[in-house]
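[1] Okay, sequence plus prediction incoming.
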Amino acid sequence: MNTSVPFINLIPEKRVVVRHKKMLTKRWIIGSVLTGIFVGLPGLYIGGSAVFTDSGITEQIDDAKVQYANHQQKIPQLNEQVRLLLAEKEVHDLIKNRVEWQKVFTVLVSASEENVRFRRLSAIGGGVEGTNPIEINLEGLVESQTEARAYVVRLEQAQVFDSVSLVETMRESFGEIELVKFRILITISGTLQAEVGEANDI
Amino acid sequence: MKIHVLGSAACLVIACSAIYFASKSISNQRGHYFNAQHLLATAKSELNESVTRRVQLTTRVQQLKKQTEGQLDLVPIKMLNSRTAEIVSLAESVGVRVDSLQPLEKITDKQVPVQPLEIRAKSSASELYILLEELNDKMPDIHIQSIDIINSSTEISEVQITILLYWFVSPADKI
């Protein structure tokens, strides 16, 4: 025997449907809100953080650029300084490469043994770099041909000059005295300084 | 059924929008970051090169300064008048009588700048010898390029001298 009270729904069906729809709508609104809270907000936060996060890399780039500009500014000045110092060094090197003419003349005079009277000495050589050959034209008077040739031999024996040539000799009268006029061409192709230094010892 | 469709669509829109926004921002930021990193690497590499070059040049300057230290101070061309005065004074101090001292055209096409000076004078052979020694000792930046000594008389020991001097001026004027 059925003792339970039979369920009789007295609410109109239309109202039941409306209530049901409201409930479902409410649930979906809650669902949407929860979705917004648990998915939407973290998404916004992550995205926003990504946009506004500054890694400091821009400052590093700017800093590197400023430093680069500073260094670059100094480089032309340093290049100029190097160029100037190199040029100065070059001059100093060339200055050392000089012909010591007084030593050349010492050799010419000491080889004469006081038998030669010099009339003219023309010397040219060295050049800016000190590498050009040196040419000496020497004119003088001696008593005899023998003296002239002996002088040339003594100059050769000095071993300072590359070549010593007696270019010409001629007799010349000075009142009653007759002397021999000579002209010698001396050439030196190498550096003279060391050679003359050694020759001065003779 | 309609409510379920609308509700799930709303949730999907919210979720997808959030994910899209986040991933888009991250992706953009990642792009900016890599780009900036590349720029930073380039800037750092340029900076390193620049620093290396500067260090090299500074070292070279120091080396050259050391090499030229204690060397003769080169005189600039603007000191021409005082230089010629010094030469004349030196010549006259040893008894050489200077007729003229003429600066010639400056040589600029050689390795280093040179100012030629032509000196014409009269003296005895021994005085000339002393002048050559003094020039050598006191003015090493002046070289004798050519010398012409004439003794036209058998009686007089005086000689006529023409000397072409090469004065090595300070290269600071050239550069």
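    Good, I have the coordinates. Residues are numbered from 1 along each chain as shown, chains lettered A, B, ... in the order given.

[2] what's the next secondary structure element after the strand or helix carrying A:Asp93?
    Here A:Asp93 sits within helix A:57-96, counting by DSSP states H and E. Remark: after helix A:57-96, the chain's next helix or strand is helix A:101-112, criterion DSSP H and E.

[3] That next one and chain B in contact?
    Yes: applying Cβ under 8 Å from any Cβ of the partner chain, one finds helix A:101-112 touching chain B at A:101-102, A:105. C-beta here means a position set from N, CA and C on the backbone, and glycine is covered the same way.

[4] what's the closest of these to chain B?
    Looking at the residues of helix A:101-112 next to chain B and their distance to chain B, the nearest is A:Gln102, at 4.0 Å (Cβ to the nearest Cβ).

[5] List the contacts of that closest one.
    When contacts are counted by Cβ atoms under 8 Å, 6 or more residues apart in numbering or on different chains, A:Gln102 touches B:129, B:132-133, B:136.

[6] hang on, the earlier thing: identify each buried residue in the helix holding A:Asp93, please.
    The neighbour-count criterion (16 or more other Cβ atoms under 10 Å in any protein chain shown) identifies A:60-61, A:64, A:67-68, A:71, A:78, A:81-82, A:84-88, A:91-92, A:94-95 as the buried residues of helix A:57-96.

[7] show me where the chain has strands.
    Chain wasn't specified; assuming chain A. Listed in chain order, the strands found in chain A under DSSP state E are A:117-126, A:132-142, A:163-174, A:177-188.

[8] sorry, should have said chain B
    Counting by DSSP E, chain B has strands at residues B:97-103, B:114-123, B:142-150, B:159-168.

[9] can I see the domain layout of the chain?
    With no chain named, the answer covers chain A. For chain A, automatic domain parsing gives the domain ranges A:13-48, A:65-96, A:101-199.

[10] switch to chain B, that's the one I care about
    Here chain B is described, according to automatic domain parsing, as comprising the domains B:1-71, B:77-173.

[11] And these: which comes nearest A:Ala158?
    domain B:77-173 (17.5 Å; Cβ to Cβ).

[12] top helix in chain B by residue count?
    Counting residues, the longest helix found in chain B (DSSP state H) is helix B:2-68.

[13] And the average pLDDT for it is what?
    Taken as a whole, helix B:2-68 has an average pLDDT of 90.

[14] can you redo the domains of chain A as JSON lines with mean pLDDT?
    What follows is these, written out as JSON lines (pLDDT from 0 to 100):
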{"stretch": "domain A:13-48", "mean pLDDT": "88"}
{"stretch": "domain A:65-96", "mean pLDDT": "89"}
{"stretch": "domain A:101-199", "mean pLDDT": "85"}
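
[15] So for B:Val55, which of those sits nearest?
    Distances from B:Val55 to each of the domains of chain A were compared using Cβ to Cβ; the minimum, 9.5 Å, belongs to domain A:65-96.

[16] does chain B sit close to the closest one?
    Yes: Domain A:65-96 is in contact with chain B by Cβ under 8 Å from any Cβ, via A:65, A:67-68, A:71-72, A:74-75, A:78-92, A:94-95.

[17] likewise stretch A:144-160?
    No: using Cβ under 8 Å from any Cβ, stretch A:144-160 stays clear of chain B, coming no nearer than 16.0 Å.

[18] buried residues in that stretch?
    Neighbour counts using 16+ other Cβ under 10 Å place A:147-148, A:150-152, A:154-155, A:158, A:160 of stretch A:144-160 among the buried residues.

[19] ditto for stretch A:33-49
    Of the residues in stretch A:33-49, those buried by neighbour count under the rule 16+ other Cβ under 10 Å are A:35-36, A:39-40, A:43-44, A:46-47.

[20] In space, what's closest to residue 39 - neighbours in sequence excluded?
    Unless you meant another one, I'm taking chain A. What sits nearest to A:Val39 in space, not counting adjacent residues and going by Cβ to Cβ, 6 or more residues apart in numbering or on different chains, is B:Ala15, at 4.4 Å.

[21] wrong one, I was asking about chain B
    According to Cβ to Cβ, 6+ apart, the nearest residue to B:Leu39 is A:Ile61 (5.3 Å).

[22] which residues touch that neighbour?
    Applying Cβ under 8 Å, 6+ apart as the definition, the contact partners of A:Ile61 turn out to be B:36, B:39-40, B:43.

[23] hang on, the earlier thing: mind picking the two most distant members of the buried residues of stretch A:144-160?
    Using Cβ to Cβ, the pair of the buried residues of stretch A:144-160 lying farthest apart is A:Glu147 and A:Val160, separated by 20.3 Å.

[24] Can you give me the neighbour number for B:Ser157?
    Counted with other Cβ atoms under 10 Å in any protein chain shown, the neighbours of B:Ser157 add up to 12.
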